[in-house]
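[1] Fold the following, please.
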Amino acid sequence: MGHLDHATFGWLTPALSYLMACTGAALGLRCTVRALGATGRSRRNWLLTAASAIGTGIWTMHFVAMLGFGVHGTDIRYDVPLTILSLLVAMLVVSAGVFAVGYGRERGRSLLIGGLTTGLGVASMHYLGMAAVRLHGDVTYDPVMVAVSVLIAVVAATAALWAALNIKSPLAVTVASLVMGVAVSSMHYTAMFAVDVRVTPSGEVLPGATAMQFIFPLAVGLGSYLFLTSAFVALSPTAGEREATASAQRPVELAR
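    Just a heads-up that it's a prediction; the model follows:
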């Protein structure tokens, strides 16, 4: 049985993964707040940005944490198509949940549907990502811990969507994002503690790419997208600010 190490680089990968989860949550919440105050194409665009931010943040959190995952007695590789599929799943299911909340007429029902859809999607993303792991041995899961991780994902997703509907101020969004980062990280490490590996020593070369060849560059790229988009959202005026600017310009235009 292989000894599993979830932090081969110490606290570096858990801390960075938590930062990615918080950044994605904060950006997603701010974009959802903007979307609920907009209409038409503008609402759709804000919701798309929110979904991409949350999905990217969750996926990046997972695979940054996986950079610190190791099993004594075997190398680890990643199946590239399955890893990319896990990213697409994260984007699609988060989009479904965010749009359910953004366009739902009955907020309570939309929140439950969106939270369940998004939570199950996040769990699916995680286990698809784990299915992409290639090593010398057999991977099994503790079903109880798997069920707990899925429950955490659903509760965390529902809480995130509730926050998007009810929290408006930047300070409250920041606090909610920190809490959501804890929830997403807890889901990940609960799911990882469900993993058991029985190593079968072998000299064969594993298929797939190493974490540094594939996961690290992709995570850096997506992390950069999160930070650049956060800067854009922070600098773009809100609907209230645009209205205030327009109101201030009207007397000037009338005077002319």
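
[2] Could you use CA atoms for every contact and neighbour count after this?
    OK.

[3] Please verify my assumption that residue 162 contacts residue 109.
    No - Residue 162 is not in contact with residue 109 according to C-alpha atoms under 8 Å; the separation is 11.5 Å.

[4] Of those two, which one has the most company?
    In this view residue 162 and residue 109 are compared by other C-alpha atoms under 10 Å, and residue 162 has more residues nearby, 19 against 13.

[5] can you pull the buried residues of the helix or strand where the more buried one lies?
    In the assignment (DSSP states H and E), residue 162 maps to helix 143-166. Neighbour counts over helix 143-166 (16 or more other C-alpha atoms under 10 Å) mark 145-146, 149-165 as buried.

[6] next one: stretch 97-117
    Buried residues in stretch 97-117 (16+ other C-alpha under 10 Å): 97-102, 107, 110-117.

[7] For stretch 91-104, give the mean pLDDT please.
    When pLDDT is averaged along stretch 91-104, the result is 83.

[8] The helix or strand encompassing residue 53: what's the following helix or strand?
    Using DSSP H and E, residue 53 falls within helix 40-66. Scanning forward in sequence from helix 40-66 by DSSP H and E, the next helix or strand is strand 70-71.

[9] Beyond that next one, next helix or strand please.
    For strand 70-71, the succeeding helix or strand toward the C-terminus, using DSSP H and E, is strand 76-78.

[10] What is that following strand packed up against?
    With contacts taken as 3 or more C-alpha pairs under 8 Å, 6 or more residues apart in numbering; DSSP states H and E, strand 76-78 sits against strand 133-135.

[11] which other helices and strands contact the strand it packs on?
    Judged by 3+ C-alpha pairs under 8 Å, 6+ apart, the packing partners of strand 133-135 are strand 76-78.

[12] For residue 128, which residues are in contact?
    Applying C-alpha atoms under 8 Å, 6 or more residues apart in numbering, we find residue 128 in contact with 82-83, 85-86.

[13] How far off centre is whichever strand or helix holds it?
    Assigned by DSSP H and E, residue 128 belongs to helix 107-131. Centroid separation for helix 107-131 versus its chain: 11 Å, with C-alpha atoms, centre = their mean, to the nearest Å.

[14] same deal with stretch 153-162?
    Relative to its parent chain, stretch 153-162 has a centroid offset of 12 Å by C-alpha atoms, centre = their mean.

[15] CA-only coordinates of that stretch in CSV, if you can.
    Output of stretch 153-162 as CSV, limited to C-alpha atoms (Å, rounded to 0.1, in the frame of the first residue of the first chain):
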residue,chain,number,x,y,z
ALA,A,153,-19.7,20.4,-2.6
VAL,A,154,-23.5,20.8,-2.8
VAL,A,155,-23.7,22.9,0.4
ALA,A,156,-20.8,25.1,-0.6
ALA,A,157,-22.3,25.7,-4.1
THR,A,158,-25.7,26.5,-2.6
ALA,A,159,-24.1,28.9,-0.1
ALA,A,160,-22.1,30.6,-2.9
LEU,A,161,-25.2,31.2,-5.0
TRP,A,162,-27.2,32.4,-2.0
